[in-house]
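**Q** below: sequence and its predicted model.
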Amino acid sequence: MKKKIKELVLKIIKASFKETADFSIEVPIDKNNGDYTTNVALVLANKIGKNPLETANLIKEKLEKQKNNLFKDIKIAGPGFINFFIKDKFFIDSLKKIDKNFGKGKELKNQKVIIEYTDPNILKEFHIGHLMSNVIGESISRILEFSGGKVKRANYQGDVGLNVAKAVWGKLQNPNQAWQEAYVTGNKNYEDNELAKKEIIELNKKIFERIDKRVNKIYDEGKKWSLKYFEDIYKKLGTKFDYYFFESEVVDLGKKLVKDGLKKGIFEEGENGAIIFKGEKYGLHTRVFINSEGLPTYEAKDLALPQIKYNKYKYEKSIIFTASEQNAYFKVMLFALKQTNLELAEKTKHIGHGMLRLSEGKMSSRTGNVIAAESLIQKAKEMISEKIKNRGFSNNEKNIIAQQVAIASIKYSILKQSIGSNIIYDFDKSISFDGDSGPYLQYSFTRAHSVLQKAKKEKIKASFKNVPKEINQLEKTMSYFTEVVEKASKEYEPHFIALYLTELAREFNNYYTKNKIVDKNDEFSPYKIALTGAFSIIMKNGLWLLGIDYLEKM
C-alpha cells in the first residue's frame, strides 16, 4: 500500500508541478490520523513557492479527482500532513492472502550475503556482549533470508594471540582451575607481574609457532573444550553457523597483505620494526598492523578475513556485527582495506551495537569483570519456573517452557531497541506476561492457538466469506506486516518488527477480550476464527524473525 500511495502522489506532483521530492509514507502512531500519512507537502512546498498547507490541499484535490478505489477519505492535518483513510476492502483482500509465507519479500532475491556475528575468543567466558551480538546477528540473518537473500552465517573466533596465551599460562600454573578462571589468572599476572608478562609473551610465540608439545597439548584440549562450550550456548539460542573462521587461519595472509602494502606505501615502518597504518593522514588514528615481535595484530588479520570469507562464499555483501566500542577501530580497518582490496571493502559493512547493562547492578561472575551469558539465561529461567510452577506442567514441560520463555525475554529486551542503543536489562519487566516483553508475544500466540483448537473441536471452519460491516484496527495492523519486514531489512533494524508484534499482540488481545470468537450461534464466528488464524501466522513468522520460539501452551 505504501508503494501504491507513493506512486499516485509522485505522478501528481510530476504532472502538476513538474517536480519530484523525497518524501515518506508512514503508518501514523495516532490511528485517528488515518491508516497512512505523508509529509510530501512539507518537502515540496519550498520548491513550488507555496506554503505546506496550501500544497497539501492542492495534492488532496488532485487525488480526489482521480478514479481509484483505495481511499475512503483524505484529510489534511497539522502544518500540512496528508492523511489517508483506506477502504476496508483493501484490508480484507490483504487478509485473504495471508499464508505461511506472508511477509516474505524479494528485495534481496538471490543476493549472496555473509553475516559475521558473536565472535568469542576461545578459552574465555561467553559473556553478555557475545550474547547481544548473537541475538542481533541471528535476527538480521533471518530478516535478510525472509527478504530473499541467500544468507550464510559466519563466526570469527580468536584462537591465537595474547588473550589465548594468558589463559594457557594460567592453566600451566594451576591445571585444575576452569579455563575462564585461568584467563583471569593470566590477565592479572600479565598486568601486575613483569616476569609473568615476559613468560606470556614468549608463550604467545610458542602457541603461534606450535613449537612446544606440552603447550600444544594443553592448548588443543582447551580449544576443543571451548568450542563445545560455545556450541552448547548456540544451540540454546537457536543459532547454527555455516562457517567458522579462526585467527590462526588468516595470520599468514594478513602478514603478506601488510608487507605487500608496505612496499606500495600503504603502510609505514614504526618504532622497533613495527608496521603501522598512519591514519592521521586521513582524519583517522594510527594503528599497528604488525607488532615489534613480527606478529600480525588484529588489524592485519581483519585485513585478510574478507578474502578468506570470499574464497568460501562469493558474496555481494558482507556484514559484520560487533560492539559499538569497536566503531573507531573498524573505520581505520575498513579504510585500510580500501587501499588493499577496494572491491571487497565496498562489499563490507560494519554495524556496531550498544552495550547491555543490568538495572540492578552486576551479577556475580566467576571472572569478576564480565557477566556470563549462561548466568543471565539461568536466572531468567529460574524466575520463569517460579512463575509457572502451579500451571499443571510436568517437570520436563516446565523445564522446556521456562528455557524458551527465558530466552525470549532476553532476546526481546535486546531487539526492541535500535541496534546502536545501550540497553538496561530489567529481569522483572523482561519476564512479564503483560505488555512490552517477549513472553507477552509468546502468550498472545498461545492464546490464538488455543482459540483455533477450540474452533476445531466445535467444527467451525474459518472463512472470510461473510465479513462484518465494520472492521477493527486488528485487521489493519495485520496488513502492515510486509512493509515492516521490508523496512527492517533495508535498515538492518529488528526493533521495527519487535515493536510491530507488540502492537499487533495488543490489538489481538483487545479483540479477544471484546469478542466471543468461537460461537456456533454467531454468523461472523467463521470470520473471527479466520482472523485469529491470520494473526497466528503473522505472529509465528514475526517471532521466527526475532529468533524467538512460539509456544502452543504456556
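**A** The structure has been received and is ready for your questions.
**Q** so where's the chain uncertain?
**A** Counting by pLDDT under 70, the chain shows low-confidence ranges at 360-369.
**Q** what are the ranges of the helices in the stretch 101-250 of the chain?
**A** For the stretch 101-250 of the chain, the helices defined by DSSP state H, counting those that start in this stretch occupy 128-146, 162-173, 179-192, 194-209, 213-237, 247-263.
**Q** contact partners for the residue positioned nearest the centre of the chain?
**A** Central residue of the chain (CA atoms, centre = their mean): residue 136, 2.9 Å from the mean position. By CB atoms under 8 Å, 6 or more residues apart in numbering, residue 136 lies in contact with 117, 321, 353, 414-415, 419, 494. C-beta coordinates here come from the backbone N, C-alpha and C atoms, glycine included.
**Q** could you pick out which of those are located in strands?
**A** The members of these that map onto strands under DSSP state E are 321, 353.
**Q** closest one of the contacts of residue 136 to residue 210?
**A** residue 117 (28.9 Å; CB to CB).
**Q** what about the residue lying closest to that closest one once chain neighbours are set aside, how many residues nearby?
**A** For residue 117, ignoring the flanking residues on the chain, the nearest one in space by CB to CB, 6 or more residues apart in numbering is residue 137 at 2.4 Å. Residues near residue 137, counting by other CB atoms under 10 Å, number 27.
**Q** hmm, residue 116 and residue 137 touching each other?
**A** Yes: between residue 137 and residue 116 a contact is recorded at 7.5 Å, counting by CB atoms under 8 Å.
**Q** give me the common contacts of those two.
**A** residue 321.
**Q** contact partners of stretch 373-393?
**A** With contact meaning CB under 8 Å, 6+ apart, stretch 373-393 is reached by 126-128, 130-131, 233, 236, 363-365, 398-399, 401-403, 405-407, 409-410, 425, 427, 430-431, 433, 439, 554.
**Q** which parts of stretch 83-92 are buried?
**A** 83-84, 86, 88, 90-92 (16 or more other CB atoms under 10 Å).
**Q** of these, which belong to strands?
**A** Within those, residues falling in strands by DSSP E are 83-84, 86.
**Q** looking at the helices of the stretch 101-250 of the chain, which is buried most?
**A** Each of the helices of the stretch 101-250 of the chain was scored by mean neighbour count; the highest is helix 128-146, a mean of 25, by mean count of other CB atoms under 10 Å.
**Q** just give me how far that one sits from the chain centre.
**A** Distance of helix 128-146 from the chain centroid (CA atoms, centre = their mean, to the nearest Å) equals 4 Å.
**Q** tell me the angle of that helix relative to helix 213-237?
**A** Here the directions of helix 128-146 and helix 213-237 differ by 60 degrees (axes from the mean of the first three to the mean of the last three CA atoms, to 10 degrees).
**Q** circling back: need the buried residues of stretch 83-92 in JSON lines with distance to residue 525, can you?
**A** Below are the buried residues of stretch 83-92 laid out as JSON lines (distance: CB to CB, whole Å):
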{"residue": "83", "distance to residue 525": "34"}
{"residue": "84", "distance to residue 525": "32"}
{"residue": "86", "distance to residue 525": "26"}
{"residue": "88", "distance to residue 525": "19"}
{"residue": "90", "distance to residue 525": "24"}
{"residue": "91", "distance to residue 525": "19"}
{"residue": "92", "distance to residue 525": "17"}
